[in-house]
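Asker: Provide a 3D model corresponding to the input given below.
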Amino acid sequence: MSTTSPAHTADLVVFGGTGDLSMRKLLPALYHSDRDGRLSPETRVIAMSRGGLTDADFRGKVDAEVRDQVPIDDPATWQRFLGRLHHVSVDVGGADKSGWGALSRLLAGHEQRDRVFYLASPPRTFGPFCRELEEAGLVTPRSRVVLEKPLGHDLPSAQRINDEVGAIFDERQIFRIDHYLGKETVQNLLVLRFANAFLEPIWNSLWIDHVQITAAETVGTPGRRGYYDHAGALRDMVQNHLLQLLTLTAMEPPARNDREAIRDEKVKVLQALRPITGTEVGRFTVRGQYTEAGGMPGYLDEPASTPPTEASRRVETFTAIRAEIKNWRWAGVPFYLRTGKRMPYRRSEIVVQFKDVPHSIFPGGTPNRLVLRLQPEEGIELHIMAKEPGAGEVTLKPVPMSLSFGKTFTARVPEAYERLLTDVLAGNPTLFMRRDEVEAAWRWIDPILSTWESSGDLPEPYPAGTTGPAGAHELLGRSGREWHEEDV
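Answerer: Residues are numbered from 1 along each chain as shown. The predicted model follows:
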């Protein structure tokens with residue numbers, strides 16, 4: 001859990017500092033941190049790019065593009081934030097090394113200050129950036145590096161990146177970020193499980209029928225096909241986001257609220273995942289690709305700078321998986337993972353479906369269900385059976401006991417990147433992935449990927465705006481279950 005203190009001083013250097021991630025997520029998050037007093041007066045934000053911008057140019061760009069994304073209720077705070085910003089032009093991998101000298105001069109005199117290098121760039125740049133950073137003499141004992149996903153495209157590439165970065169930085173200095181772990185509901189999942197007595201006795205295969213983890217998006221991939229053709233839903237969402245949610249749901253109670261104790265338990269879950277190989281891939285996984293429907297284009301028709309290729313026809317925009325954890329707590333409990341684009345709703349949630357009562361004396365009851373909603377509105381719902389008011393025959397109705405973070409707590413709920421950046425600046429790695437954790441996830445994903453890629457099958461089509469291909473519903477239907485589609 002996050003236990004950081006405010007106002008931690010550091011120089012935050014963002015490689016890719018003028019890019020989409022920086023402008024949409026990182027800079028708004030840093031402004032909110034500044035406004036809430038979590039940045040010390042000395043903290044600086046230094047953007048690196050090949051844009052050739054001056055400090056004034058970069059501040060003007062941020063003022064024009066970020067201002068509308070954040071509530072500027074205090075112009076003085078906004079101006080203070082802009083004053084923290086700097087820009088350095090660096091061509092990583094190029095012949096011109098003068099930019100590193102400019103960065104060195106900007107950082108000079110602050111060697112005892114924490115330095116955080118945030119790589120908001122493609123993973124192929126991680127190794128070269130770290131090497132050139134060391135060659136420029138800018139890596140200090142108080143330096144940290146933040147790696148954005150995806151960390152490679154398979155296990156060998158992830159290991160190569162880890163080796164390259166690990167040759168420069170110690171593991172304790174490497175922060176592999178997954179923004180899902182910064183969401184309020186994810187942190188509350190640990191509190192819900194380990195700070196309350198009523199759930200732990202029934203958090204096992206004796207009482208839980210199955211678990212569903214869903215990340216659904218209404219958007220498609222306009223302008224991103226070049227990236228998505230070689231990523232797909234399995235690499236883009238399952239290998240990181242959904243498996244992280246699975247580990248937090250299924251992990252054993254750690255011995256203490258300690259940064260390594262929690263990560264140790266998460267790794268154990270990944271290592272206990274039953275491998276899906278060979279013919280089992282066809283039984284336990286589903287992949288789909290959205291087609292034109294309701295005025296929305298299909299994946300192959302999305303606007304892009306290049307025409308569709310064979311890779312475009314074969315890539316999945318939807319996947320569903322039936323996973324199993326082979327340990328005493330979860331033996332026999334399926335974990336269903338699902339993610340897709342162009343679905344009818346935007347929703348990320350964990351649904352824990354309990355078994356029915358051992359002997360029901362009331363007709364019409366349904367099993368209890370716990371829903372942890374990550375987006376669009378973070379909160380927790382426990383669905384229990386209650387009697388409908390009225391005289392005569394007892395009629396049961398499932399009703400939710402709801403906790404909406406936005407409605408319950410008066411304080412503003414921070415965005416995920418705010419919390420994670422605060423933890424990075426303070427050096428708290430609890431909510432970040434360790435090397436063995438990333439590689440264990442790829443080790444489970446790779447056999448599925450290789451089977452898909454070696455088969456001649458194409459993804460199952462599904463109309464844009466629907467809940468996915470028929471195969472995804474059959475995946476649960478074979479055991480008499482169905483996806484949680486409340487309010488659809």
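
Asker: what stretches of the protein score poorly on pLDDT?
Answerer: 1-7, 305, 392, 405-411, 413, 487-488 (pLDDT under 70).

Asker: Specify the helix with the largest residue count in it.
Answerer: helix 435-454 (DSSP state H).

Asker: which residues touch that helix?
Answerer: 151-152, 154-155, 158-159, 162, 166, 171, 174, 176, 234-235, 238-240, 243, 247, 263, 266-267, 270-271, 273, 275-278, 281-282, 285, 287, 314, 316, 321 (Cβ atoms under 8 Å, 6 or more residues apart in numbering). Where you see a C-beta, it was placed from the backbone N, CA and C, and this is true even at glycine.

Asker: Pull out the buried members of those.
Answerer: 151-152, 155, 158-159, 162, 166, 174, 176, 234-235, 238-240, 243, 247, 263, 266-267, 270, 273, 276, 281, 285, 287, 314, 316, 321 (16 or more other Cβ atoms under 10 Å).

Asker: Restricted to helices, list those residues.
Answerer: Per DSSP H, the subset of those in helices is 155, 158-159, 162, 166, 243, 247, 263, 266-267, 270, 281, 314.

Asker: quick one: which of these is nearest residue 124?
Answerer: Relative to residue 124, the closest of those is residue 158; by Cβ to Cβ it sits at 12.3 Å.

Asker: ok, and the closest non-adjacent residue to that closest one?
Answerer: residue 152 (3.4 Å; Cβ to Cβ, 6 or more residues apart in numbering).

Asker: cool, residue 370 as well?
Answerer: Per Cβ to Cβ, 6+ apart, closest to residue 370 is residue 352, 4.2 Å.

Asker: For that neighbour, which residues count as its bridge partners?
Answerer: Counting by DSSP bridges, residue 352 is bridged to residue 211, residue 370.

Asker: Can you give me the distance of it to residue 268?
Answerer: Plainly put, residue 352 is 20 Å away from residue 268 if you go by Cβ to Cβ, to the nearest Å.

Asker: Keeping just the C-alphas, turn the helix or strand containing residue 382 into PDB.
Answerer: Taking DSSP states H and E as the criterion, residue 382 maps to strand 379-387. Output of strand 379-387 as PDB, limited to C-alpha atoms (Å, rounded to 0.1, in the frame of the first residue of the first chain):
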ATOM      1  CA  GLY A 379     -16.300   1.700  -6.000                       C
ATOM      2  CA  ILE A 380     -17.300  -1.600  -4.300                       C
ATOM      3  CA  GLU A 381     -20.700  -3.400  -4.300                       C
ATOM      4  CA  LEU A 382     -21.700  -6.400  -2.300                       C
ATOM      5  CA  HIS A 383     -24.900  -8.000  -3.700                       C
ATOM      6  CA  ILE A 384     -26.900  -9.700  -0.900                       C
ATOM      7  CA  MET A 385     -30.400 -11.300  -0.800                       C
ATOM      8  CA  ALA A 386     -33.100  -9.300   1.000                       C
ATOM      9  CA  LYS A 387     -36.800  -9.600   1.400                       C
END
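
Asker: How far does it sit from its chain's centre?
Answerer: Relative to its parent chain, strand 379-387 has a centroid offset of 27 Å by Cα atoms, centre = their mean, to the nearest Å.

Asker: That strand: partners in the sheet, and parallel or antiparallel?
Answerer: Partners of strand 379-387, by DSSP bridges, with direction: strand 369-375 (antiparallel), strand 396-404 (antiparallel).

Asker: got the buried residues for the longest helix of the chain?
Answerer: Those would be 435-446, 448-449, 451-452, for helix 435-454 by 16+ other Cβ under 10 Å.

Asker: go on, stretch 371-384?
Answerer: 371-375, 378-383.

Asker: Next: stretch 193-208.
Answerer: Buried, per 16+ other Cβ under 10 Å, within stretch 193-208: 203, 208.

Asker: Please report how far residue 65 lies from residue 89.
Answerer: 19 Å.

Asker: swap that for residue 55, please
Answerer: 11 Å.

Asker: ok now do the closest residue in space to residue 356 that isn't next to it in sequence, which residues does it touch?
Answerer: Nearest residue to residue 356, sequence neighbours excluded (Cβ to Cβ, 6+ apart): residue 367, at 4.7 Å. Residues near residue 367 by Cβ under 8 Å, 6+ apart: 209, 353-357.

Asker: JSON lines please, covering the residues you listed and showing distance to residue 192 and neighbour count.
Answerer: Below are the contacts of residue 367 laid out as JSON lines (distance: Cβ to Cβ, whole Å; neighbours: other Cβ atoms under 10 Å):
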{"residue": "209", "distance to residue 192": "19", "neighbour count": "17"}
{"residue": "353", "distance to residue 192": "16", "neighbour count": "19"}
{"residue": "354", "distance to residue 192": "15", "neighbour count": "17"}
{"residue": "355", "distance to residue 192": "19", "neighbour count": "15"}
{"residue": "356", "distance to residue 192": "22", "neighbour count": "11"}
{"residue": "357", "distance to residue 192": "22", "neighbour count": "12"}
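
Asker: Go ahead and confirm residue 173 touches residue 147.
Answerer: No: in this structure residue 173 lies outside contact range of residue 147 using Cβ atoms under 8 Å: 11.1 Å.
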